[in-house]
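Participant: Coordinates for the following, if possible.
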Amino acid sequence: MPEFRELMAGQLGIWYAQQLAPENPVYNIAEYLDLRGELDAGLLLEAVRRMLDEIDGFRVRFREIDGVPLQYVDDSRDYAVQLVDVSAEPDPEAAALRWMQADVRRNGDLRAGWLFSFAVLVLAPDRHYLYERSHHIVMDGHGGAMIAARTAEIYTALLEGRPSTGDGPESVHALIDAERAYRDSADYARDRDYWLNALADLPETTRPGGSPHSGHGARNLPNPPEGCFAGIDQEQAAALKATARRMGTSLAGLMISAAALYQHCLTGDRDVVIGVAVLGAGPRERAIPGMKANLAPIRVQMGPQTTIQDVVRQTTRAVRDGLRHQRYRYEEILRDLKLVNREALCPVEVNFASFDHPVRFGECTAESHNLSTGPINGTRISVYAGSDDIDIKIDANRDADGVAPAADISRRFRTIVRWLATAEPADTISRAGLLDEEERRQVVEEWSGAEAGSVGGSVVEWFGVRAGEVPG
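Facilitator: Predicted coordinates:
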């Protein structure tokens, strides 16, 4: 008889949302590692199987008993790790991508077998993809990074003919116990008070689309978002890191500030709240793969004469303080504030991940690529920082009111980032803008007939040249 346990708070929200559309695959999260170099595919398959034996968070299943959803760990371990050889295809990369994208679109029914998939795809003798998909109710993105590191460790040990170090992480039961202890502790009440104070007296703001807090209601499950991926070269990445040092913050702090500045320039709002992805757990629980991810609402106030230094200071302070209270669930913050959906509070979400120390499978290099990060109500900006360059992925929910195409968001956000790369601390944010040179020329010359430079730099100011003629 399995040991049934209650769902954690983050899991419970996903459970009820998925019931609205059991076959919707939006909660599937997936990524792959591009492995280059000599690799033993058979040993890699064995390493994945051993990793799955260690990490029981993958083997969680769900059952509803008397109307209550419960979870248990299935120890049958009858899962398969697939070997997919596309090396004979005319374009192996395209064939591998098609195979993975088809798997990501598999339905999200929480009662339909294992909630994960692993595969080793062979593109060439010296080129392989290690693919992983899991339902967000059992695993988050941070868990995926730990899984990759553990699989690499096991593979390298097998390759070298030695035992792997360590015994793997603690059971997912430890996560459930830790959350119950937290909710019974004084920290829970202190964290709730912090967020209520930090978000007190928020103004009623009209979002893009024309209606206050527009977006999907609580009873709608968003469709998979539209994505756009773009890179920042080494020279500009180095300039951004230098700017961060000048501003007394980290690269993460600067990029989160860029997201807040993007939202200000887009809407004209002077009181901006963006969501920052956090681990949502204490130090011990962070080492256990599972569903712990949370969203911290970061509030920044600014106007045209606010300096970029002040924006960075506010953002850095808000992130630092918010991290101390990151275990309090975002869904509960929404309920406390009597907001019915997340776009009402955080239309833009930011996820920052650093890959300064990439994993290696023996002598193979491994480059991580994201395929799916789960549902969003508005826009998600994901920043992946390597040792030399920076990649930015934009996910956009086009079903939500006022959300632009992902490619447009990507271009405009990178315009902000390029400005920050050369900005001085005393520069005012009125100098920032979302429009590139071609967009500026279109707005000024084609719409208004004005001379370039005769209006300000934000989207609100530029598009205000001729109200009602903002392009769709």
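
Participant: and I137, how many residues sit next to it?
Facilitator: 26 (other CB atoms under 10 Å). Bear in mind the C-beta positions are built from the backbone N, C-alpha and C, glycine included.

Participant: That one should be in a helix, yeah?
Facilitator: No - counting by DSSP: H, G, I helix; E, B strand; the rest coil, I137 is located in no helix; its state is coil.

Participant: wait, isn't it in contact with L115?
Facilitator: Yes - at 7.0 Å, I137 counts as touching L115 under the criterion of CB atoms under 8 Å.

Participant: could you say which helix or strand contains the residue positioned nearest the centre of the chain?
Facilitator: The centroid of the chain falls nearest to N351 when counting by CA atoms, centre = their mean (4.4 Å). N351 is part of strand 348-355 when elements are defined by DSSP states H and E.

Participant: Quick one: mean pLDDT over that strand.
Facilitator: Taken as a whole, strand 348-355 carries a mean pLDDT of 91.

Participant: residues in contact with stretch 165-178?
Facilitator: Contact partners of stretch 165-178, identified using CB atoms under 8 Å, 6 or more residues apart in numbering, comprise 3, 5-6, 8, 51, 54-57, 60, 73, 146, 150, 153, 157, 281-282, 284-285, 287-290, 292.

Participant: go on, stretch 146-156?
Facilitator: Contacts for stretch 146-156 (CB under 8 Å, 6+ apart): 33, 43-44, 47-48, 50-51, 54-55, 130, 132, 139, 164-166, 168-169, 287, 289, 359-362, 366, 368.

Participant: among the contacts of stretch 165-178, which ones are buried?
Facilitator: The neighbour-count test (16 or more other CB atoms under 10 Å) marks 5, 8, 51, 54-57, 60, 73, 146, 150, 153, 157, 281, 285, 288-290, 292 as buried among those.

Participant: In strands, which of those residues fall?
Facilitator: Those of those mapping onto strands are 5, 60, 73, per DSSP state E.

Participant: now, which of these sits nearest C346?
Facilitator: Using CB to CB, V60 comes nearest to C346 of those, at 27.9 Å.

Participant: so when I look at S257, I'm seeing a helix, right?
Facilitator: Yes - S257 forms part of a helix when assessed by three-state DSSP.

Participant: Give me the neighbour count for it.
Facilitator: Neighbours of S257 using other CB under 10 Å come to 30.

Participant: Excluding chain neighbours, what is closest to it?
Facilitator: Nearest residue to S257 in three dimensions, chain neighbours excluded: T315, at 4.3 Å (CB to CB, 6 or more residues apart in numbering).

Participant: Assign that neighbour to helix, strand or coil.
Facilitator: helix.

Participant: From A423, how far off is the residue nearest to the centre of the chain?
Facilitator: Using CB to CB, to the nearest Å, we find N351 at a distance of 23 Å from A423.

Participant: Now do the nearest residue to L115 once chain neighbours are set aside, the pLDDT please.
Facilitator: Leaving aside its sequence neighbours, L115 sits nearest to H135 (CB to CB, 6+ apart; 4.0 Å). Listed pLDDT for H135 reads 96.

Participant: measure H135 to E170 for me?
Facilitator: For H135 relative to E170 (CB to CB), the value is 21 Å.

Participant: can you check P347 too?
Facilitator: 36 Å.

Participant: And the two? Which one has more around it.
Facilitator: Neighbours were counted for P347 and for E170 using other CB under 10 Å; P347 has more, 29 against 19.

Participant: Thought I376 was touching the more buried one, still the case?
Facilitator: No - taking contacts as CB under 8 Å, P347 lies outside contact range of I376: 9.6 Å.

Participant: Do a quick rundown of the strands in the stretch 101-250 of the chain.
Facilitator: For the stretch 101-250 of the chain, strands defined by DSSP state E, counting those that start in this stretch occupy the ranges 116-124, 127-135, 226-232.

Participant: strands paired with the shortest one, and their directions?
Facilitator: Yep, that's strand 226-232 we're talking about. strand 390-396 (antiparallel) (DSSP bridges).

Participant: tell me the mean pLDDT for the partner strand?
Facilitator: Mean pLDDT, strand 390-396: 94.

Participant: Same check on stretch 239-255?
Facilitator: pLDDT averaged over stretch 239-255 gives 95.

Participant: Report the buried residues of stretch 67-79.
Facilitator: Within stretch 67-79, judged by 16+ other CB under 10 Å, the buried ones are 69-73, 79.

Participant: wait, which of those is closest to P222?
Facilitator: For those, the nearest to P222 is P69 (21.0 Å; CB to CB).

Participant: distance of V403 from A432?
Facilitator: Taken as CB to CB, the span from V403 to A432 is 21 Å.

Participant: Which one's more surrounded, the two?
Facilitator: Neighbours were counted for V403 and for A432 using other CB under 10 Å; V403 has more, 26 against 22.

Participant: circling back to that earlier point, closest to D201 among the ones in strands among the buried ones among the contacts of stretch 165-178?
Facilitator: R5 (39.5 Å).

Participant: hang on, the closest one packs against V68?
Facilitator: No - in this structure R5 lies outside contact range of V68 using CB under 8 Å: 11.4 Å.

Participant: follow-up on the earlier one: show the subsequent helix or strand relative to the strand holding N351.
Facilitator: strand 360-361.

Participant: Quick check: what element follows that following strand along the chain?
Facilitator: Counting by DSSP H and E, the element after strand 360-361 in chain order, helix or strand, is strand 364-373.

Participant: Contacts for the very next helix or strand once past that next one, please.
Facilitator: With elements assigned by DSSP H and E, the helix or strand that comes after strand 364-373 is strand 379-386. The contact list for strand 379-386, computed with CB under 8 Å, 6+ apart, reads 225, 237, 251-252, 255, 259, 262, 347-356, 358, 368, 370, 373, 390-397, 403, 409, 413.

Participant: Out of these, which end up buried?
Facilitator: By 16+ other CB under 10 Å, those give 225, 237, 251-252, 255, 259, 262, 347-353, 368, 370, 373, 390-397, 403, 409, 413 as buried.

Participant: Tell me how far V60 lies from I274.
Facilitator: 31 Å.

Participant: E424 too?
Facilitator: Taking CB to CB, one finds E424 at 24 Å from I274.

Participant: And for T243?
Facilitator: Distance, T243 to I274, using CB to CB: 19 Å.

Participant: Settle it for me: which of these two has more neighbours?
Facilitator: Between T243 and I274, counted using other CB under 10 Å, the more crowded position is I274 (29 against 22).
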